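Chemist: take this sequence and fold it.
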Amino acid sequence: MRDFDAFDERQSEITKISQVTPEVTLFLRRLGFTNYYIIKIFSLVGDAAIGLTEDDPYWLLEEFPHMKFSAADEAALKLGFGYDSYYRIQAAIKHGLSSYVREGHTFVPAREFCIQIGQFLAISSESVEDVMEDMALSGELQLTLLDGKEVLYFYGYYKTECEVVSKVAALSSRKPVKIAANIDAVIKGAESRKGINLSEEQRKAVKSSLEHGMSIITGGPGTGKTTIISMLITILQEAGLKTEVAAPTGRAAKRITEATGKGAMTVHRLLEYYYDEGAGHMAFGRNAMNKLECDAVIVDEASMMDLMLTGALLRALKDDSILIFTGDADQLPSVGAGNVLRDMIESGYVYTSRLTEIFRQAEESNIVINAHRINRGDYPSFGGDFVLEEADKQQDILDRITAITSGCDPEKVQILTPTKKGLLGSVNLNVYLQKVFNPPSDQKPEMSFGNRIYRVGDKVMQKKNNYRLEYKKKDGRSGKGVFNGEMGVVEAIHPEDKKISVRYDDDRWVEYPYIQLDEIEPAYAVTVHKSQGSEFDTVIIPMSWFPPALATRNLIYTAVTRAKKKVCIVGRRDYLNAMVDNESSGKRNSGLRQRLEGIYENI
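Modeler: This is a model prediction of the structure:
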C-alpha cells in the first residue's frame, strides 16, 4: 500500500478537512499528522482523538495498520514519552510482530526478535525482553518452545495453531458415517449416471476421501481435481449428507460453481462472517457454539487457506463431519499467515491423495505441459498456447506489453507480475495499461486520488477485506462484505458527491466515498499473489530481473496456472530459466507441521 503521508493540499481540500473540528485538526497537525490521517482519525473517534492520543499515541498503529511506526513515534516523543517508555516498547513489539505476520509467519524466534526491536528503538534488547515477558504474562503474547527453541507468537495465533492440530487430529482419527456397504459399487454407479469414467488414481482419491473424516486431494493442472469434486458432491448428496462447497475467494467459488453445477461460496460466507456491533469487531456466525448444519464440507483452492480461517472453519464443523481439502500444494501459499495445506501434507498425518496423471484433453495444452515441467524444475518449451515474446531491457518489455494488449478486451487479458514496485511492477504497469485499455475521453468521467486516476470503465481490485462495506444488487437486495482480491469495473463516478460506483463480477454494486478509495486499486496488472484463486483466458507475464525472493519457481508456476487459453511471456528467456531454477519458496515460520508430527506434544 502506498504511503499516503505524501498527499498534497489538493487532495486534502477534496476530502474536506473542514469537516474535522478545529481543536482536533490543530492538535493532530502539531503532532505531525497529515490531513489524510486527521480525517481518518476524526471519522473513527471524533473529538475523543485528543484524549486517546494524549494517553497513548501508539493506539493509532492498531487502528491503522499501514501507518508508519515513525508517525506515531514522532507524535509520542512530542507529547513527552521517553525512548524507553513502556508504551513505546510495547507498540514496537506488536508492530514488529505484525510485520512478520503480514509476511506469512505465525511466530518469530524470540531472542533474535528482541535484538531487532532493540536496535530499531535504539535501546537495549534486555529492556525489550522485559516488556515482551510482561506481555506474555498478560496473555497478549505467547512464549513457547518449538523444536527446542524459544519462539514468540501473538496469543491468538498460538491458540489457533494448537486448536487446528487438535481438530485435525480428531477428524483424521475418526471414521466417518459409512456411505454404503460397498463404496466401489457406489462410485461405479455414480460414474455411470454422470457419464464419467474415472481413472484408477481418481477413483482411489474419491474412495479414500469418503473413508476418512479429513483428507486432502492435491495435484497440478489437468489432473482431474474438479472431476473428483463433482463426483464427491454427487455421492455425498445421494447418500443424504448435506454437503457444502467453499473456496477462499469469490472468484474461486464462482469457478467451482460453474465447473460442478453445485453452488459454492466463500469460506467467510459459509461461516456467516459479520460485524458484531456490540463487540465492535468482526465475528463468525458459525462457530463452536453454533455449528454448521452440513455433514460434509469440500474446500477447493485450499492452498489459499491461512491459519486463522482454517481455525474458524474447524471450530464450526460438527464432530462427525467430513472435511475434504482440494488444491495444488505447489502454488504460492496463502496471503494470510501460515502454510496450512503444505504443512498438513508434509506432516504425513492427514490422509493425502496425490494426483499425477495428466488427462488426454489437458495433454493437448502446452500451458498444462509447461506448468508440470516448471514444477519439476524443467524449462518450458514454447509454441501453441504458450509463447515467448523476446525483449531485452525493461522499457522494451513494457513497450512490448502495451503493444500486445492494444485492442484486447481487459476482461479476458490479465497481466501478472511478481512485484508492485519498479518499471515492471503492477503500480507502474497500470499507469501504462490504463492508457491502452481505457484512454481519456470526454464521455468518461474520471476522478483523481493521490497519483491515481479512476475513470469509468476501469478494471479495479479491492485491496482488503471490508465486511462492513454495503453492496446492492439489480433485484434490490443488499448485503455487506467486499473481499481482498475481488475484481470489478468502475461503473459510475459522481464528482459532486466525491463517490465512485464499482460493479463486481457477480453483479454487486458498491459505492466508495472518496476517503475509502485507498481500498481499491487499478487491476489491469496485478501481482501473482493477488491472482491466486482466479483464472483468466490470457495471462501476460513480464520477464526480467526481479529480486530472488520473488523470482521463484512456485511463483512462475502459480502465474502460468492462472491461464485457461494462452500464456505469453514477455522478456528474457534466461531470467525465466533462472526463475525455474530457484526452488526457494520463502520459508515461513509455522509450527503446524511440527505439532501435527508430534500430535499434542507441544500443546
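
Chemist: partners of the host helix or strand of residue 538 in the sheet?
Modeler: Counting by DSSP states H and E, the element that carries residue 538 is strand 536-543. If you go by DSSP bridges, strand 536-543 pairs up with strand 413-417 (parallel), strand 563-571 (parallel).

Chemist: could you give the average pLDDT over that strand?
Modeler: Mean pLDDT, computed over strand 536-543, is 97.

Chemist: show the subsequent helix or strand relative to that strand.
Modeler: Using DSSP H and E, the helix or strand that follows strand 536-543 in sequence is helix 553-560.

Chemist: returning to that earlier point: buried deepest among the strands paired with strand 536-543, which one?
Modeler: Ranked by mean neighbour count under mean count of other CB atoms under 10 Å, the strands paired with strand 536-543 are led by strand 413-417, which reaches a mean of 25. Quick note: C-beta positions are derived from backbone N, CA and C, even for glycine.

Chemist: now the angle from it to helix 553-560?
Modeler: Angle between the axes of strand 413-417 and helix 553-560 is 170 degrees (criterion: axes from the mean of the first three to the mean of the last three CA atoms, to 10 degrees).

Chemist: for strand 413-417, what is the distance to the chain centroid?
Modeler: Taking CA atoms, centre = their mean, to the nearest Å, one finds strand 413-417 lying 17 Å from the centre of the chain it belongs to.

Chemist: buried residues, the helix or strand following it. List them.
Modeler: Remark: after strand 413-417, the chain's next helix or strand is helix 426-437, criterion DSSP H and E. For helix 426-437, a neighbour-count test (16 or more other CB atoms under 10 Å) marks 426, 427, 428, 429, 430, 432, 433, 434, 436, 437 as buried.

Chemist: tell me the one of these nearest residue 164?
Modeler: residue 426 (32.4 Å; CB to CB).

Chemist: quick check: the closest one vs residue 332, distance?
Modeler: Noted for residue 426: a distance of 15 Å to residue 332, by CB to CB, to the nearest Å.

Chemist: how about residue 172?
Modeler: 26 Å.

Chemist: of the two, give the one with the bigger neighbour count.
Modeler: Neighbour count, other CB atoms under 10 Å: between residue 172 and residue 332, residue 332 has more, with 21 against 18.

Chemist: could you check how many residues crowd around the nearest residue to the more buried one once chain neighbours are set aside?
Modeler: Excluding the flanking residues, the one nearest residue 332 by CB to CB, 6 or more residues apart in numbering is residue 558, at 4.7 Å. Neighbours of residue 558 under the rule other CB under 10 Å: 23.

Chemist: quick one: contacts for residue 558?
Modeler: The contact partners of residue 558, by CB atoms under 8 Å, 6 or more residues apart in numbering, come to 331, 332, 528, 531, 532.

Chemist: one more: residue 331?
Modeler: Residue 331 makes contacts with 303, 532, 554, 557, 558, 561, as judged by CB under 8 Å, 6+ apart.

Chemist: how much space between the fifth one and residue 115?
Modeler: Residue 558 sits 34 Å away from residue 115, taking CB to CB as the criterion.

Chemist: what's the answer for residue 443, then?
Modeler: 59 Å.

Chemist: which one's more surrounded, the two?
Modeler: Between residue 443 and residue 115, residue 115 has the larger neighbour count (other CB under 10 Å), namely 14 against 7.

Chemist: so the more buried one sits in a helix?
Modeler: Yes: when classified by DSSP: H, G, I helix; E, B strand; the rest coil, residue 115 is found to be part of a helix.

Chemist: what's the burial count for the closest residue in space to it that isn't next to it in sequence?
Modeler: Distances taken as CB to CB, 6+ apart put residue 125 closest to residue 115, at 4.6 Å, once the chain neighbours are dropped. A count of nearby residues for residue 125, using other CB under 10 Å, gives 18.

Chemist: phi first, then psi, for residue 125.
Modeler: Per-residue torsions, residue 125: phi -70, psi -30 (degrees, to the nearest 10).

Chemist: which residues sit in contact with it?
Modeler: Shown in contact with residue 125 (CB under 8 Å, 6+ apart): 111, 114, 115, 117, 118, 119.

Chemist: 7 Å instead, please
Modeler: By CB atoms under 7 Å, 6 or more residues apart in numbering, the contact list for residue 125 reads 114, 115, 118.

Chemist: what sits closest to residue 143 if chain neighbours are left out?
Modeler: For residue 143, ignoring the flanking residues on the chain, the nearest one in space by CB to CB, 6+ apart is residue 136 at 4.6 Å.

Chemist: now the element after the lowest-mean-pLDDT helix or strand in the chain, going C-ward?
Modeler: The weakest-scoring helix or strand in the chain, judged by mean pLDDT, DSSP states H and E, is helix 9-14 (a mean of 41). Per DSSP H and E, the first helix or strand lying C-terminal to helix 9-14 is helix 22-30.

Chemist: how far away from the center of its chain is that following helix?
Modeler: Its chain's C-alpha centre and that of helix 22-30 lie 37 Å apart, by CA atoms, centre = their mean.

Chemist: what is the top helix by length along the chain packed up against?
Modeler: The longest helix of the chain (DSSP state H) is helix 155-173. Contact analysis of helix 155-173 by 3 or more CB pairs under 7 Å, 6 or more residues apart in numbering; DSSP states H and E lists strand 141-146, strand 214-219, helix 307-316, helix 592-598 as its packing neighbours.

Chemist: closest to residue 503 out of those?
Modeler: helix 307-316 (26.5 Å).

Chemist: next, give phi and psi for residue 447.
Modeler: Dihedral pair for residue 447: phi -150, psi 140, per degrees, to the nearest 10.

Chemist: should've said residue 544
Modeler: Dihedral angles (degrees, to the nearest 10) for residue 544: phi -140, psi -160.

Chemist: and it, how many neighbours does it have?
Modeler: Residue 544: 22 surrounding residues under other CB under 10 Å.

Chemist: and residue 496, by the same measure?
Modeler: Neighbour tally, residue 496, other CB under 10 Å: 5.

Chemist: for it, give me the pLDDT.
Modeler: For residue 496, pLDDT reads 85.

Chemist: how close does it sit to residue 447?
Modeler: Look at residue 496 and residue 447: by CB to CB, they are 11 Å apart.

Chemist: just residue 91 next, same as before
Modeler: Distance, residue 91 to residue 447, by CB to CB: 35 Å.

Chemist: look at those two and report which has more neighbours.
Modeler: Neighbours around residue 91 and residue 447, counted as other CB under 10 Å, are more numerous at residue 91. The numbers are 25 against 19.

Chemist: excluding residues flanking it in the chain, which one is nearest the residue most central in space within the chain?
Modeler: Geometric centre of the chain, nearest residue: residue 335, 3.6 Å, by CA atoms, centre = their mean. Leaving aside its chain neighbours, residue 335 sits nearest to residue 529 (6.2 Å; criterion: CB to CB, 6+ apart).

Chemist: report the rounded mean pLDDT for stretch 553-569.
Modeler: In this model, stretch 553-569 has an average pLDDT of 96.

Chemist: nope, stretch 139-157 is what I was after
Modeler: Here the average pLDDT along stretch 139-157 is 95.

Chemist: show me how far it is from its chain's centre.
Modeler: Chain-centre distance of stretch 139-157: 24 Å, with CA atoms, centre = their mean.

Chemist: span of that stretch from start to end?
Modeler: Length of stretch 139-157, first residue to last, CA to CA, to the nearest Å: 12 Å.

Chemist: over to stretch 575-589?
Modeler: End-to-end for stretch 575-589, by CA to CA: 28 Å.

Chemist: ok, residues contacting it?
Modeler: Against stretch 575-589 from outside (CB under 7 Å, 6+ apart): 104-108, 333, 339, 374, 377, 379, 543-545, 548-549, 551-554, 556, 569.

Chemist: buried stuff in that stretch?
Modeler: By 16+ other CB under 10 Å, the buried positions in stretch 575-589 come out as 576, 579, 580, 582, 585, 588, 589.
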